[in-house]
Every structure is written in structure tokens, then in C-alpha cells.
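Undergrad: what follows is a predicted structure for the sequence shown.
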Amino acid sequence: MKSNPIISILMPVRNDAAMLRNCLAGIDNQSLTDYELVVVDDGSTDQTPVLLEKASQDDSRIRMIRTEPQGIVSALNTGLTECKGQYIARMDADDRMQKTRLEKQLELIQKDPELELIGCRVEGFTDKGPLPESAVHYQSWSNSLMSH
């Protein structure tokens with residue numbers, strides 16, 4: 001792994017084994033490969049640590065930090081101190097990345113030095129039928145936000 005990747009992907013997890021494989025596959029499929037993945041395992045009691053240990057053995061860009069359960073904010077702060085990238089990309093285990101997400105976000109932030117934060121649209125998904133109305137509402141609201 002490069003000592004200073006351009007992007008650090010910061011992901012807190014707790015008991016997310018069921019979703020982790022798809023999430024990691026999406027990260028691994030990125031068109032931009034100059035990143036590290038810093039995963040803070042916030043006290044998982046399922047197979048999450050086992051999956052992350054294997055992933056970190058298979059890919060030197062992945063680092064797992066294990067902590068006692070402390071909550072998402074503390075887990076994010078712990079992970080943030082470990083990030084080596086110039087930029088931070090946030091991710092959750094139930095997220096999936098589009099193949100060019102990191103590439104496009106990096107291109108955008110490098111073009112405009114006044115940008116300090118970049119978000120992206122969201123698209124809900126489930127393998128249990130239609131999205132609940134609350135998720136549809138959140139998706140619509142989130143995707144309506146624009147400032148630049």
C-alpha cells in the first residue's frame with residue numbers, strides 16, 4: 001500500500017457481515033485505485049471481524065481497527081485519526097459505490113479549490129421488495145439537495 005493515498009475511505013461497522021461482501025466488492029471495483037480503506041469495527045459480535053481480516057490480508061489497502069462498542073461518532077473519530085489520504089470519503093457497510101464515484105469526486109474537488117465537501121446522490125435498494133415509504137422520502141429529499 002502507498003504510504004499516502006490520495007483518498008481514505010472511512011467506514012465504521014458493527015455487525016454488518018451480511019452486507020459487507022457487496023460493499024467491499026463495490027470499493028474494490030473503483031476506477032480510481034489510489035485509496036486506502038480504513039474500517040473501524042465498533043465491537044462486532046458477528047462474522048464482521050473475520051471478513052475484514054481476510055479482506056485486509058487479500059488487499060493491503062484495507063486496514064481494520066477494532067474497538068469496544070463506542071458508537072458511530074466515536075468510531076468515526078477513531079478512524080479519522082488513522083486516515084492518511086488527502087481526502088476522506090465516507091462509506092457505510094450498507095452502501096454500494098458506483099464504479100467511478102471516487103474518480104469523479106476527486107476530479108471535481110481538484111477543479112474547484114473552494115470546494116470543501118462533496119456529496120453524491122443516493123439510490124435505495126433492498127432484496128425484500130419495494131423500499132419503505134420512509135426510505136423513498138429520504139432518497140427524494142437527499143437527492144434534492146444541491147449547493148454548487
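TA: All right, it came through fine.

Undergrad: so for this structure, the centremost residue is which one?
TA: Met91 (1.9 Å; C-alpha atoms, centre = their mean).

Undergrad: would you mind measuring from that residue to Ala17?
TA: 16 Å (C-beta to C-beta, to the nearest Å). Quick note: C-beta positions are derived from backbone N, CA and C, even for glycine.

Undergrad: my guess is the residue nearest to the centre of the chain contacts Leu20. True?
TA: No: in this structure, Met91 is not within contact of Leu20 by C-beta atoms under 8 Å, at 11.2 Å.

Undergrad: any stretches of this protein with poor pLDDT?
TA: 1-2, 121-122, 124-126, 146-148 (pLDDT under 70).

Undergrad: what segments of it are strands?
TA: 7-13, 35-42, 62-67, 87-90 (DSSP state E).

Undergrad: strand partners (parallel or antiparallel) of the last one?
TA: Looking back up the chat, that one is strand 87-90. Paired neighbours of strand 87-90 in the sheet (DSSP bridges): strand 7-13 (parallel).
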